[in-house]
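A.B. asks: model this:
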Amino acid sequence: MSRRSDPLFQRTQEHATPLDRRHFLAATAALAASAATPAFAAPRLPTKRPAPADRRFTSPAVERELARVSSQIGDPKLRWMFGNCYPNTLDTTVKLTTLNGQPDAFVITGDIPCLWLRDSSAQVKPYLHLAKDAPELRRLFHGLIARQSRCILIDPYANAFMEDPTAKSNLEWSQADETVMKPGVAERKWEIDSLCYPMRLAHGYWRATGDATPFDGTWAQAARASIATFREQQRKNGPGPYSFRRTANQPTETLLWGHGAPTRPVGLIHSGFRPSDDACLYPFLIPSNLFAVTALRELAIVAGEARKDAALAQQAIDLAAEVDAALRQYGTMRLRDGREVWAYEVDGFGNALFMDDANVPSLSGLAYLGCVAPADPLWQRTQAAAWSDANPYFFKGTAGEGIGGPHVGLGQIWPMSLTIRALSSSDDATIRACLKTLRDTDGGTGFIHESFDQDDPAKFTRAWFAWANGLFGELIVHLARTRPALLKATL
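C.D. replies: Purely as a prediction, here's the structure:
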């Protein structure tokens, strides 16, 4: 059972076990602790932020940005939601301390008190553009980059980690997994993107600040371990050291024979699981391989410019080139109507799966991640197919339309798919439609959730999901910069 399929974390307003409800009410009480005082919160829409004394991390730069962007939002409810969502990671998920005199930041996902390499990187991304002139944010990024590096060195195959690096996992669903569980590991699902996201965070921080401080010997050691792990998972000489099996009701929670379905080694990197934490059907997960190419090239930039480590940079460049060549040869497929698109998964034997999942990296999210140009014809065809009935996880109901995935079931739309579509679009009508659906499917909570029912947004999962909240905040900040007129209009 995964972090999101466990019943403890399936949040709905109408369908909750007593244990669910206690956890939900406690989280809600913490988030709603203060009354509405900011100018951007209308009296009838009180802020859902914790009281200032209860916030886990405060950044004056983020508070200024919150006020600046809020003043540009014409729609009252959208303004209210931005005020709740944009600072949610800082308000509720960050624990910043010191270790050996250096910053140490542990960033939980929200309703699960563990650090996911993917989620934590994505959660802080909306603040990167402020970091250069904000010492408090630079300290946070230093601490998270350092923590992620130490986590990777504990186990580069793990996706989630404990705050205490000597502790056993406290996640109920991980206790009996058939894999090598080391102290400090919360869950050990091998996902390519788990190593890509720290590379992306390092590059984003370097580009935003020009500050080389976080890129010390530990960071370089973790970078080399990441490259070595990718190399192992090309599986040119056997299945490699990683295996994973779990007893669960859902087949997406375990790997066939511990290693996944058979493949033919072609230079692509195997992934046991998708960014949804669901098992791959075919182990060559194409969006994650594309992300790996981009992230490795970004790693090379940081290694070469910030550390002057030409050898590390070359290792990353060489692997990126090899995977990129394999993608061009094996990563595409044709739909029934003859259109060539990126596949979602392949096996190297000629078998391919077309679908898309809302979790990023996704096919729909390739332009957002910088893996393809937004105008690239191949990606344009792929995205159009993903947002159609060619994708078995594209859902359309009375509450809206969007992409979900197998993780929480059929008919469940993930708001993340709408946010990514708006971030990737240059069409005002498309962006406006996404904003309207996001605004109208919060279930009255003022936050973005993991998923909502296609016909009833009052039924949703994960009331406290910081990645989704931060991504929504990132979209609003992006629109304030690129399409201010659209943002000023009432939806």
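A.B. asks: Tell me the buried residues in the helix or strand containing A429?
C.D. replies: Per DSSP states H and E: A429 is located in helix 428-440. By 16 or more other Cβ atoms under 10 Å, the buried positions in helix 428-440 come out as 431-435, 437-439. Where you see a C-beta, it was placed from the backbone N, CA and C, and this is true even at glycine.
A.B. asks: How far away from the center of its chain is that helix?
C.D. replies: Relative to the chain's own centre, helix 428-440 is displaced by 21 Å; criterion: Cα atoms, centre = their mean, to the nearest Å.
A.B. asks: ok so, going back, in JSON lines: the buried residues of helix 428-440, plus pLDDT and distance to Q175.
C.D. replies: Formatted as JSON lines, the buried residues of helix 428-440 follow (pLDDT from 0 to 100; distance: Cβ to Cβ, whole Å):
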{"residue": "I431", "pLDDT": "98", "distance to Q175": "44"}
{"residue": "R432", "pLDDT": "98", "distance to Q175": "46"}
{"residue": "A433", "pLDDT": "98", "distance to Q175": "44"}
{"residue": "C434", "pLDDT": "98", "distance to Q175": "39"}
{"residue": "L435", "pLDDT": "98", "distance to Q175": "42"}
{"residue": "T437", "pLDDT": "98", "distance to Q175": "38"}
{"residue": "L438", "pLDDT": "98", "distance to Q175": "36"}
{"residue": "R439", "pLDDT": "98", "distance to Q175": "40"}
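A.B. asks: mind pulling up the phi and psi values for the nearest residue to G74 once chain neighbours are set aside?
C.D. replies: If the residues on either side of it in the chain are set aside, G74 comes closest to K488, at 4.4 Å by Cβ to Cβ, 6 or more residues apart in numbering. Here is the backbone geometry of K488 (degrees, to the nearest 10): phi -70, psi -20.
A.B. asks: Local confidence estimate at K488?
C.D. replies: Per-residue pLDDT puts K488 at 96.
A.B. asks: quick one: it and Q72 touch, right?
C.D. replies: Yes - here K488 lies in contact with Q72, judged by Cβ atoms under 8 Å, at a distance of 6.0 Å.
A.B. asks: quick one: which of those two has more around it?
C.D. replies: Using other Cβ atoms under 10 Å, the more surrounded residue of K488 and Q72 is Q72, with 18 against 14.
A.B. asks: quick one: that one from K308, how far?
C.D. replies: 41 Å (Cβ to Cβ, to the nearest Å).
A.B. asks: Could you do T482 as well?
C.D. replies: From T482 to K308 the distance is 35 Å (Cβ to Cβ).
A.B. asks: How about L99, nearest residue that isn't a chain neighbour?
C.D. replies: A146 (7.6 Å).
A.B. asks: is it true that L327 lies in a helix?
C.D. replies: Yes - judged by DSSP: H, G, I helix; E, B strand; the rest coil, L327 forms part of a helix.
A.B. asks: Surely it touches L268?
C.D. replies: Yes - when contacts are counted by Cβ under 8 Å, L327 is listed as touching L268 (6.9 Å).
A.B. asks: any shared contact partners between the two?
C.D. replies: Any residue near both L327 and L268 by Cβ atoms under 8 Å, 6 or more residues apart in numbering counts here, and that gives N289.
A.B. asks: for the closest residue to L268 other than its chain neighbours, which residues make a bridge with it?
C.D. replies: In this structure, L268 finds its nearest non-sequential neighbour in F284, 4.4 Å apart by Cβ to Cβ, 6+ apart. Judged by DSSP bridges, the bridge partners of F284 are V346.
A.B. asks: wait, doesn't F284 sit right on M333?
C.D. replies: No - when contacts are counted by Cβ under 8 Å, F284 is not listed as touching M333 (11.7 Å).
A.B. asks: Those two - which one has more neighbours?
C.D. replies: The residue with more neighbours, out of F284 and M333, is F284; 31 against 20, by other Cβ under 10 Å.
A.B. asks: who touches that one in this structure?
C.D. replies: Contacts of F284 (Cβ under 8 Å, 6+ apart): 263, 266, 268-271, 330-331, 345-348.
A.B. asks: Tell me how far it lies from P275.
C.D. replies: F284 is 15 Å from P275, where distance means Cβ to Cβ.
A.B. asks: among the helices and strands of the chain, which one scores worst on average pLDDT?
C.D. replies: Within the chain, no helix or strand scores below helix 18-31, which has a mean of 35 by mean pLDDT, DSSP states H and E.
A.B. asks: following it, which helix or strand comes up?
C.D. replies: Following helix 18-31 toward the C-terminus (DSSP H and E): helix 60-70.
A.B. asks: picking that back up, quick check: of the contacts of F284, which has the highest neighbour count?
C.D. replies: L268 (30 neighbours).
A.B. asks: Could you report the neighbour count for P214?
C.D. replies: 25.
A.B. asks: For Q329, see how far away it is.
C.D. replies: In this structure, P214 and Q329 are 36 Å apart, going by Cβ to Cβ.
A.B. asks: Also T47?
C.D. replies: Separation of T47 from Q329 (Cβ to Cβ) stands at 52 Å.
A.B. asks: Same check on A105?
C.D. replies: Note on A105: its distance to Q329, by Cβ to Cβ, is 40 Å.
A.B. asks: Between those two, which has more neighbouring residues?
C.D. replies: A105 (22 against 11).
A.B. asks: Show the contacting residues for that one.
C.D. replies: 94-96, 140-144, 146-147.
A.B. asks: Same check on L312?
C.D. replies: 220, 223-224, 299-300, 303.
A.B. asks: Reduced to three states, what does it come out as?
C.D. replies: What three-state DSSP gives for L312 is helix.
A.B. asks: and if you look at L96?
C.D. replies: For L96, the assignment made with three-state DSSP gives strand.
A.B. asks: any residues in contact with both of F284 and M333?
C.D. replies: Common neighbours of F284 and M333 (criterion: Cβ under 8 Å, 6+ apart): V346.
A.B. asks: how about the helices in the stretch 251-400 of the chain?
C.D. replies: 286-306, 310-330, 377-386 (DSSP state H, counting those that start in this stretch).
A.B. asks: what angle separates the second one from helix 286-306?
C.D. replies: With axes from the mean of the first three to the mean of the last three Cα atoms, to 10 degrees as the criterion, the two stretches helix 310-330 and helix 286-306 enclose an angle of 160 degrees.
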